[in-house]
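In: Sequence first, predicted coordinates after that:
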Amino acid sequence: MNIIKNIHLLEKKIKELKKKKKVIGLVPTMGNLHNGHIKLILLAKKYVDIVIVSIFINPMQFNNLLDFKKYPKTFEQDCYILRKEKVEILFCPDIHEMYPHGLKNYTYVDVPKLSNIIEGRARPGHFIGVTTIICKLFNLVQPNFSFFGEKDYQQLLIVKKLVKELNYPIKIISLPTIRLENGLAFSSRNKHLNSLEQEKAPYLYKTIEHTCNVIIQNKGKKIPKTINISRQYLIKKGFYIDIFDVYNSKTLNPISKENKSIIILASVWLGNTRLIDNKKIILKN
Ligand code: PAF
């Protein structure tokens with residue numbers, strides 16, 4: 001595996017690959033790779049000649065310095081996984097390489113409407129950090145395809161909108177959330193859960209699934225009541241809820257009677273760990 005830390009060397013490599021007409025796929029990550037990332041890499045291999053994985057813990061997308069500092073760093077283990085999966089190139093710049101003048105007054109990219117609601121309201125500035133680093137990575141790597149997990153559903157919609165509105169010639173491919181057997185979504189943050197929290201965490205997805213089933217049984221009626229019961233259940237189980245609600249799955253607006261494709265988005269805390277998850281519901285007439 002070619003490990004590239006330097007932008008200049010990356011640009012040289014990309015030029016070479018483009019000259020050879022290679023189809024390039026980018027899997028952007030913040031490291032601490034888990035099964036979800038591995039599945040993204042395997043998916044990428046089906047679409048492209050060269051898979052480039054980026055590892056960069058992007059300070060701009062953390063609205064909490066402590067969260068940034070304690071983000072798990074497992075570089076050696078990540079390299080081992082990437083080699084095992086036969087990834088061709090790892091791009092892993094340091095902060096100075098990506099933000100040479102620091103973060104203050106840095107040029108940024110914003111997808112305002114989608115970025116200021118739901119998770120974006122709970123974490124001000126988070127999505128500006130995501131869209132800015134994604135644009136930088138897209139500009140540097142110039143991928144034909146880029147791969148994202150559906151667990152970060154709002155992030156996925158924002159990236160798709162950004163690609164469309166800024167005319168990036170990149171196809172965004174998404175992968176359904178990869179879960180442990182108990183239903184808990186793979187996430188780098190799961191590492192922060194203590195053993196009691198690990199036992200409780202699967203209740204999040206169980207509750208989301210149950211809520212979906214009730215909404216379907218009720219044919220989309222009494223949704224506020226159903227959501228409220230689920231929230232109370234999670235609170236009793238020890239979760240602190242930032243977001244647990246139903247949205248239009250295409251616009252993320254509040255739902256109306258006409259919406260048939262809706263989504264439950266959840267963003268909750270278990271102790272000091274933030275967990276997010278979601279599930280789509282298609283309502284029949
Ligand atoms: O989902 C993530 O891990 C990050 O938000 C991403 C897309 C790598 C940007 O830093």
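Out: Done, it's in.
In: Look up the closest residue to the residue of the stretch 151-285 of the chain found nearest the ligand, ignoring the ones flanking it.
Out: At 5.1 Å from the ligand, D152 is the closest residue in the stretch 151-285 of the chain, using Cβ to the nearest ligand atom. All C-beta atoms are positioned from the backbone trio N, CA, C, and that covers glycine. Distance criterion Cβ to Cβ, 6 or more residues apart in numbering; nearest residue to D152, sequence neighbours excluded, is I276 at 7.0 Å.
In: What count of nearby residues applies to the one you found?
Out: 22 (other Cβ atoms under 10 Å).
In: pretty sure it belongs to a strand, no?
Out: Yes: under DSSP: H, G, I helix; E, B strand; the rest coil, I276 falls within a strand.
In: Pull the contacting residues for it.
Out: I276 makes contacts with 119, 151-152, 185, 187, 265-268, as judged by Cβ atoms under 8 Å, 6 or more residues apart in numbering.
In: try 7 Å
Out: Residues near I276 by Cβ atoms under 7 Å, 6 or more residues apart in numbering: 151-152, 266-267.
In: distance of Y203 from K13?
Out: Distance of Y203 to K13, given as Cβ to Cβ, to the nearest Å: 46 Å.
In: neighbour count winner among these two?
Out: Higher neighbour count among Y203 and K13: Y203, with 21 against 18, using other Cβ under 10 Å.
In: So for the lowest-mean-pLDDT helix or strand in the chain, what gets flagged as buried?
Out: Of all helical and strand segments in the chain, the minimum by mean pLDDT, DSSP states H and E falls on helix 65-69, at a mean of 89. Using 16 or more other Cβ atoms under 10 Å as the test for burial, helix 65-69 gives D67.
In: That helix near the ligand at all?
Out: No: against the ligand, helix 65-69 shows no contacts by Cβ under 6 Å from any ligand atom, the least distance being 11.6 Å.
In: Show the subsequent helix or strand relative to that helix.
Out: Next along the chain after helix 65-69, taking DSSP states H and E as the criterion, comes helix 75-84.
In: what does that next one rub up against?
Out: Contacts for helix 75-84 (Cβ under 7 Å, 6+ apart): 1, 31-33, 38, 53, 55, 90.
In: Show me what counts as buried in that helix.
Out: Judged by neighbour count using 16+ other Cβ under 10 Å, the buried positions of helix 75-84 are 78-79, 81-82.
In: is any part of stretch 262-273 close to the ligand?
Out: No: using Cβ under 6 Å from any ligand atom, stretch 262-273 stays clear of the ligand, with a minimum separation of 13.9 Å.
In: ok, now how distant is the residue of the stretch 151-285 of the chain closest to the ligand from I117?
Out: For D152 relative to I117 (Cβ to Cβ), the value is 15 Å.
In: Which one of the contacts of helix 75-84 sits in the busiest neighbourhood?
Out: Ranked by neighbour count (other Cβ under 10 Å), these have V53 at the top, with 27 neighbours.
In: can you pull the alpha-carbon coordinates of stretch 100-111 into PDB?
Out: Extracted in PDB, the C-alpha atoms of stretch 100-111 (Å, rounded to 0.1, in the frame of the first residue of the first chain):
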ATOM      1  CA  PRO A 100      -1.700  25.200   6.900                       C
ATOM      2  CA  HIS A 101      -2.900  28.600   8.200                       C
ATOM      3  CA  GLY A 102      -4.900  27.100  11.100                       C
ATOM      4  CA  LEU A 103      -8.700  26.900  11.300                       C
ATOM      5  CA  LYS A 104      -9.400  30.500  12.100                       C
ATOM      6  CA  ASN A 105     -10.900  32.400   9.100                       C
ATOM      7  CA  TYR A 106     -10.400  29.400   6.900                       C
ATOM      8  CA  THR A 107     -12.400  29.300   3.600                       C
ATOM      9  CA  TYR A 108     -15.400  27.000   4.100                       C
ATOM     10  CA  VAL A 109     -18.100  25.300   2.100                       C
ATOM     11  CA  ASP A 110     -21.700  25.400   3.400                       C
ATOM     12  CA  VAL A 111     -24.900  23.600   2.300                       C
END
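In: Measure how far it is from the centre of its chain, please.
Out: 21 Å (Cα atoms, centre = their mean, to the nearest Å).
In: Same question for stretch 264-284.
Out: 13 Å.
In: interface residues of the chain facing the ligand?
Out: Those residues of the chain that sit near the ligand, judged by Cβ under 6 Å from any ligand atom, are 28-30, 58, 61, 130, 133-134, 152, 155.
In: 8 Å instead?
Out: Within reach of the ligand by Cβ under 8 Å from any ligand atom, the chain has these residues: 28-30, 54, 56-58, 61, 129-130, 133-134, 137, 148-149, 152, 155, 159, 188.
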